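**Q** Show me how the following folds:
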Amino acid sequence: MPSAKAVKRLAAALGRSEAEALAAAGHAPGSIHAASTPRSDPFNIRPTDLRGGLRGHYYTAAKTRYLDRILKRAREGSLPIAWRDELVPITEESWGSSTLVEVDALAVADIQSLPVAAWEPFQAEWRPALESWYVAARTIVSENYINTIRDFLDQIIDGDRLVAIFAREGRLVEEITEGIAPLDVRRDSNRTNYEMMYVVDRTRLTASYLAGLAAGGLDIDWRSWYSSQIESWPDDRSYKLSARLTLTNPDFGRLPEYWTAADQ
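**A** Take a look at the predicted model:
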C-alpha cells in the first residue's frame with residue numbers, strides 16, 4: 001500500500017481531495033486530520049445528470065444495497081408485506097453529507113414506488129415468485145458489480161494520467177516506485193477481489209434458484225451443480241469454505257410459506 005504521504009502527492013497531481021485519494025488507496029478515514037477534510041468532501045460534486053459522476057455512483061450503490069437486503073429477506077421468507085413502509089433513508093447526522101442523504105432518499109423513494117412484483121409475499125404461486133426473485137436478485141448483483149467496475153476503470157485512467165503528469169514534470173523516477181506502482185498493485189488486487197465476489201454472489205443466487213425448484217418437486221440435483229462451481233474457484237478464498245457449508249444446509253432451498261400458500 002502506498003504511504004499516506006505518497007497518496008497526498010498523487011491526489012494533488014490529479015486535483016482530487018486527499019480524503020477521496022486515501023480511501024481509494026485503502027487508508028483508514030482517520031489517517032487525515034478531520035479538520036482539513038470533512039466527511040462530506042468527496043460528495044461536493046453535483047452533476048446535473050444523476051446517471052453519471054459521483055451522484056450516479058452513490059445512487060446506484062444505495063439502490064442495490066437496499067434491494068439486495070430486501071430480496072434476501074424475500075427468499076428467506078422473512079419479508080413483511082408492508083416492507084416499503086419500513087424503508088428508512090440515512091440521516092445527515094450519521095453520514096455528514098447532505099448530498100449523500102439526498103441521493104439515498106431518492107433511491108429509497110424510487111424503491112418504494114416500484115410496482116408490486118411476483119416475489120413479494122402472497123403475490124404469486126411459488127414458481128413464478130421464485131423466478132421473479134431470481135431475475136431481480138441477479139440483476140441487482142450485476143448492477144452493483146458494473147457500478148464498481150466503472151469506478152475501477154476511472155482509477156485506471158487516473159493512474160495513466162499520473163504517469164503522464166509526473167513524466168512531464170520530470171518526477172517519474174522518484175514517484176514510480178513509491179506512489180504509482182504500489183497504487184497499481186492495490187487497485188489490481190481490489191479488482192480481482194470484486195470480480196470473484198461477483199462470481200460467488202451470482203453463483204449462489206443460481207444455486208438458490210435451482211434448490212428452490214428442487215424444493216418445489218422438480219428433479220434437479222442442485223448440490224452437484226453448485227459443488228462443481230465451488231471447486232472451480234481459487235483454493236485460497238474464505239468464501240469457498242462458506243459456500244461448501246451451504247451444501248449441507250437443509251434450509252438453503254426452502255420455499256417461503258408466502259410463496260406456497262396458494263398451493264395449499
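
**Q** going forward, measure contacts and count neighbours with C-alpha atoms only.
**A** Fine.

**Q** The stretch 101-250 of the chain: helices as residue ranges?
**A** Ranges of helices in the stretch 101-250 of the chain, per DSSP state H, counting those that start in this stretch, are 126-168, 172-175, 181-215, 222-231, 238-246.

**Q** Can you name the element that comes right after the helix or strand of the chain at the bottom of the mean pLDDT ranking?
**A** Least confident helix or strand of the chain, by mean pLDDT, DSSP states H and E, is helix 18-25 with a mean of 48. From helix 18-25 onward toward the C-terminus, using DSSP states H and E, the following helix or strand is helix 53-76.

**Q** What mean pLDDT does that following helix get?
**A** The average pLDDT for helix 53-76 rounds to 92.

**Q** same deal with stretch 168-182?
**A** Per-residue pLDDT values across stretch 168-182 average out to 81.

**Q** Quick check: end-to-end length of it?
**A** Start-to-end span of stretch 168-182 (C-alpha to C-alpha, to the nearest Å) is 20 Å.

**Q** residues touching the residue of the chain most remote from its centre, list them.
**A** Most distant from the centre of the chain: residue 170, at 38.9 Å, with distances by C-alpha atoms, centre = their mean. Residue 170 makes no contacts at all, as judged by C-alpha atoms under 8 Å, 6 or more residues apart in numbering.

**Q** and residue 141, how many neighbours?
**A** 21 (other C-alpha atoms under 10 Å).

**Q** Repeat that for the one 10 residues further on.
**A** Each residue near residue 151 was counted by other C-alpha under 10 Å, and the total is 16.

**Q** Contacts only, for residue 67.
**A** Residue 67 touches 111, 140, counting by C-alpha under 8 Å, 6+ apart.

**Q** Return the distance of it relative to residue 222.
**A** Counting by C-alpha to C-alpha, the gap from residue 67 to residue 222 is 25 Å.

**Q** Against residue 175, how distant is residue 165?
**A** Applying C-alpha to C-alpha to residue 165 and residue 175 gives a distance of 11 Å.

**Q** Turn the helices of the stretch 101-250 of the chain into TSV, columns for distance to residue 261.
**A** Below are the helices of the stretch 101-250 of the chain laid out as TSV (distance: least, C-alpha to C-alpha, whole Å):
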stretch	distance to residue 261
helix 126-168	8
helix 172-175	65
helix 181-215	14
helix 222-231	24
helix 238-246	26
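
**Q** Lowest average confidence across those helices, which one?
**A** Taking the mean pLDDT of those, helix 172-175 comes last: a mean of 81.

**Q** how far is that one from where the chain is centred?
**A** Relative to its chain's centre, helix 172-175 lies at 34 Å (C-alpha atoms, centre = their mean, to the nearest Å).

**Q** And the spatially most central residue of the chain, how close does it get to residue 138?
**A** The chain has residue 144 as the residue nearest its centroid, 4.6 Å off, counting by C-alpha atoms, centre = their mean. From residue 144 over to residue 138 the distance is 10 Å, taken as C-alpha to C-alpha.
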